[in-house]
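[1] Here is a sequence with its predicted model. Questions after.
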Amino acid sequence: MALFDLAWSRHTGGQFVLRIEDTDRHRLVEGSEEQIYDTLRWLGLDPEESPELGGVYGPYRQSERLDTYRPHVEQLLEDGHAYHCWCSSERLAGMRAEQQRTKSSGGYDRLCLGKSAQERAELPGFSETPVVRMHIPDDVSLEFEDLIRGTVKAPRPDDQVILKADGFPTYHLAVVVDDHLMNITTVVRGEEWISSTPKHVLLYQWLGWEPPKFAHMPLLRNTDKSKISKRKNPAARLMWFRERGYLPEALRNFLQLLAYPPVGEDDSEVASFEEFVAAFDWQKVNTTGPIFDVKKLDWLNGHYIRQLSGTELSARIINFAEESGALTDPTDEQVALVARATPLIQERLTLLSEALGKINFLIRSDDDIEIADDARAQLNDDAPQVLDAAMAALAELNPFTAEAIQPRLRAVLVEGLGIKPKFAFTPLRVGITGQRVSPPLFESMEILGRKSTLLRLQGLADSL
RNA sequence: GUCCCCAUCGUCUAGCGGCCUAGGACUCCGCCCUUUCAAGGCGGCAGCGCCGGUUCGAAUCCGGUUGGGGAUGCCA
């Protein structure tokens, strides 16, 4: 949502405002506000105004704006557009259960409408502290214009509560008051709000304000097609992707693709945020709720990793390793090693989190190389012979570089011993890395150096 | 239940009446390249939910139906 908000505000030269809608004190979660800031910052979607940054329309936390809402509630009450309701939650629950049972259409039954506290107190299901409800007129307009969908119909609203018993406004009142006071021109929100929009339009009317434009985005869905939830899908917490080793630019591109057709060169699906902003048009936003396909994100992530410069990628690998705790306080040698090894693994990476595992054999000490079972199983009977010949050739090779190692080993093993390359190099790979698959062999040897290379080859030869 | 939204390959989509025997991307499967694995190149499998109508002509327009989603809270 924020992505499209920002794209639109950039496209039109507007401001991107972040407001925290924390009007439900029962659902307050420690740290969730921080998580929002962290996520936006990570994705590079920085707001112009927010609770952190402040701004001329502050405060930007609804819990700090209680005094702002009160006079408007008073006005609605005075104008007869709203009324007090003393119904207890027990009574309301019972009423709904009854409606459910008789399959009659829902909505508050207006028991309190037109009654004073004293009159209402005589009836059952009375609660001391009243709430304030909207008095929805019979001729309420059920249509509105949506930037994405055009003319949209919505269900007939209930007598919605706008001020709760604890003095907090509900979302419906708060969003209207704040959007007006903060000069919001465009409301971008999820499809789930379509059915509430008539209430909001009504409030604008009653308060004598010009309503903003609305854009209702499709809802992201779980693999089972239900509305995305943190319960069912860890990916609903965007920082999960950071923890998994995804690049923010890849996730941004992916998110964009979920709700918007390709905008890149030749309609490429890989497109920068700038390209997205330049092409932005509400009418092109998709109306169907997409399902997260992580496979495509993986591909995008690999693509973005390959586009990074070597130094940039190794910096990100180090950074990720530190954040994930895989590497604490890396030494200069470790950093240098990662930098040298990065080109070997760059095009083999899907996630940043895979990097250290792929070059682990370079980091470990020579006597700490364990030969994996499936790697050992690859070895042929001629492995000892191959290892001996390779060690002899490498012992006196100068310089000890990949460019020199490759032709030398080729000459000795492939041409000299007459062994096919595939089988000639396997024992070396197993000895050097302990693995069946690895980054390029000769470059690895170069990084490792002659001493370690020979030590490891000898180690494998001894174990045969 | 009621109301609202939506409907093209497994997934993300292009398509806005003839250019569509439906195009692209991801996945998957072959082949090429190759010291393994990747990356890259080439090729392949796979889709307009269904029924009516409008029209010379429908993936595209209309109606219905089915399916999915959302709302129906002193949640947002």
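    Okay, I see it.
[2] And for A:R10, nearest residue in space, chain neighbours not counted?
    Leaving aside its sequence neighbours, A:R10 sits nearest to A:V277 (Cβ to Cβ, 6 or more residues apart in numbering; 4.5 Å). The way it works is simple: take the backbone N, C-alpha and C, and place the C-beta from them, glycine included.
[3] residue boundaries of the strands in chain A?
    A:82-87, A:126-134, A:143-146, A:150-153, A:161-163, A:186-190, A:213-217 (DSSP state E).
[4] So which bits of the stretch 251-400 of chain A are right by RNA strand B?
    A:257-259, A:261-262, A:267, A:269, A:284, A:286-291, A:293, A:295-296, A:298-299, A:302-303, A:306, A:347-348 (Cβ under 7 Å from any atom of the strand).
[5] Is it possible to mark the buried ones in the residues you listed?
    By neighbour count, with 16 or more other Cβ atoms under 10 Å, those hold A:L257, A:L258, A:A259, A:P262, A:E269, A:G289, A:D298, A:W299, A:G302, A:H303, A:R348 as buried.
[6] can you pull the contacts of the fifth one?
    For A:E269, the contacting residues are A:N253, A:L257, A:P262, A:L300, by Cβ atoms under 8 Å, 6 or more residues apart in numbering.
[7] again, but for the fourth one
    For A:P262, the residues meeting the contact criterion (Cβ under 8 Å, 6+ apart) are A:S268, A:E269, A:A271.
[8] next one: phi and psi at the first one?
    Per-residue torsions, A:S268: phi -70, psi 150 (degrees, to the nearest 10).
[9] near RNA strand B, which residues of the stretch 1-150 of chain A?
    A:21, A:23-24, A:26-27, A:87-89, A:92, A:96, A:103, A:105-108, A:127, A:129, A:131, A:149.
[10] and if we set it to 6 Å?
    A:21, A:23-24, A:27, A:88-89, A:92, A:96, A:103, A:105-106, A:127, A:131, A:149 (Cβ under 6 Å from any atom of the strand).
[11] Buried ones among the residues you listed?
    A:T23, A:L92, A:S127, A:V131, A:R149.
[12] now, which of these sits nearest RNA strand B?
    RNA strand B lies nearest to A:T23 out of those, by Cβ to the nearest atom of the strand, at 3.4 Å.
[13] just checking, that closest one touches A:D166?
    No: A:T23 is beyond contact range of A:D166, at 9.6 Å (criterion: Cβ atoms under 8 Å).
[14] where in chain A is pLDDT low?
    Applying pLDDT under 70 to chain A flags residues A:105-106.
[15] Closest to the centroid, which residue in it?
    A:L238 (2.6 Å; Cα atoms, centre = their mean).
[16] How many neighbouring residues does the residue nearest to that one when sequence neighbours are not counted have?
    Once flanking residues are discounted, A:L238 sits nearest to A:T39: 4.7 Å by Cβ to Cβ, 6+ apart. Residues lying near A:T39 (other Cβ atoms under 10 Å) number 19.
[17] ok, now how distant is A:T129 from A:A82?
    Separation of A:T129 from A:A82 (Cβ to Cβ, to the nearest Å): 16 Å.
[18] same deal with A:E49?
    Here the criterion is Cβ to Cβ. By it, A:E49 lies 30 Å from A:A82.
[19] Same check on A:K213?
    For A:K213, the distance to A:A82 - Cβ to Cβ - is 26 Å.
[20] now swap in A:L28 and tell me
    Using Cβ to Cβ, A:L28 is found at 26 Å from A:A82.
[21] Give the residue farthest from the middle of chain A.
    In terms of distance from the mean C-alpha position of chain A, A:G416 ranks first, at 55.1 Å (Cα atoms, centre = their mean).
[22] you'd agree it is up against A:A389?
    Yes: A:G416 is within contact range of A:A389, at 6.8 Å (criterion: Cβ under 8 Å).
[23] Next, the buried residues of stretch A:230-247.
    A:N233, A:A235, A:L238, A:F241, A:R242, A:R244, A:G245, A:Y246, A:L247.
[24] does that stretch come close to RNA strand B?
    No: if you take Cβ under 6 Å from any atom of the strand as the test, stretch A:230-247 misses RNA strand B, and the best it gets is 10.0 Å.
[25] for stretch A:189-208, same thing?
    Yes: using Cβ under 6 Å from any atom of the strand, stretch A:189-208 comes into contact with RNA strand B via A:E191, A:E192, A:I194, A:S195, A:S196.
[26] Count the residues that sit near the second one.
    In other words, A:E192. Counted with other Cβ under 10 Å, residues neighbouring A:E192 total 11.
[27] Kindly report the same for A:M391.
    Using other Cβ under 10 Å, A:M391 is surrounded by 17 other residues.
[28] measure it to A:V414 for me?
    Going from A:M391 to A:V414 by Cβ to Cβ gives 16 Å.
[29] that older thread, what's the closest of the buried residues of stretch A:230-247 to RNA strand B?
    Set against RNA strand B, the nearest of those by Cβ to the nearest atom of the strand is A:N233 (11.8 Å).
[30] Now do the contacts for the closest residue to the closest one other than its chain neighbours.
    Of all residues beyond its chain neighbours, the one nearest A:N233 is A:N222 (5.0 Å), with distances taken as Cβ to Cβ, 6+ apart. By Cβ under 8 Å, 6+ apart, A:N222 lies in contact with A:I228, A:S229, A:K232, A:N233, A:I291, A:F292.
[31] Just flag the most distant two among the residues you listed.
    A:S229 and A:I291 (13.5 Å; Cβ to Cβ).
[32] Which parts of the stretch 201-350 of chain A are helices?
    A:239-244, A:248-259, A:273-279, A:294-307, A:310-324, A:332-345 (DSSP state H, counting those that start in this stretch).
[33] Single out the most deeply packed of the ones you listed.
    helix A:248-259 (a mean of 21; mean count of other Cβ atoms under 10 Å).
[34] Could the C-alpha coordinates of that helix be exported in CSV?
    Provided in CSV are the C-alpha atoms of helix A:248-259 (Å, rounded to 0.1, in the frame of the first residue of the first chain):
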residue,chain,number,x,y,z
PRO,A,248,14.9,-4.7,-0.5
GLU,A,249,15.0,-3.7,-4.2
ALA,A,250,13.9,-7.2,-5.2
LEU,A,251,11.0,-7.3,-2.7
ARG,A,252,9.9,-3.8,-3.9
ASN,A,253,9.9,-4.9,-7.5
PHE,A,254,8.0,-8.0,-6.6
LEU,A,255,5.4,-6.2,-4.6
GLN,A,256,4.9,-3.8,-7.4
LEU,A,257,4.4,-6.7,-9.8
LEU,A,258,1.7,-8.1,-7.6
ALA,A,259,-0.6,-5.2,-8.2
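[35] Remind me what it packs against, helices and strands.
    helix A:2-12, helix A:32-43, helix A:273-279, helix A:294-307 (3 or more Cβ pairs under 8 Å, 6 or more residues apart in numbering; DSSP states H and E).
[36] Can you give the distance of it from its chain's centre?
    Distance, stretch centre to chain centre, for helix A:248-259: 9 Å (Cα atoms, centre = their mean, to the nearest Å).
[37] Understood, closing this out.
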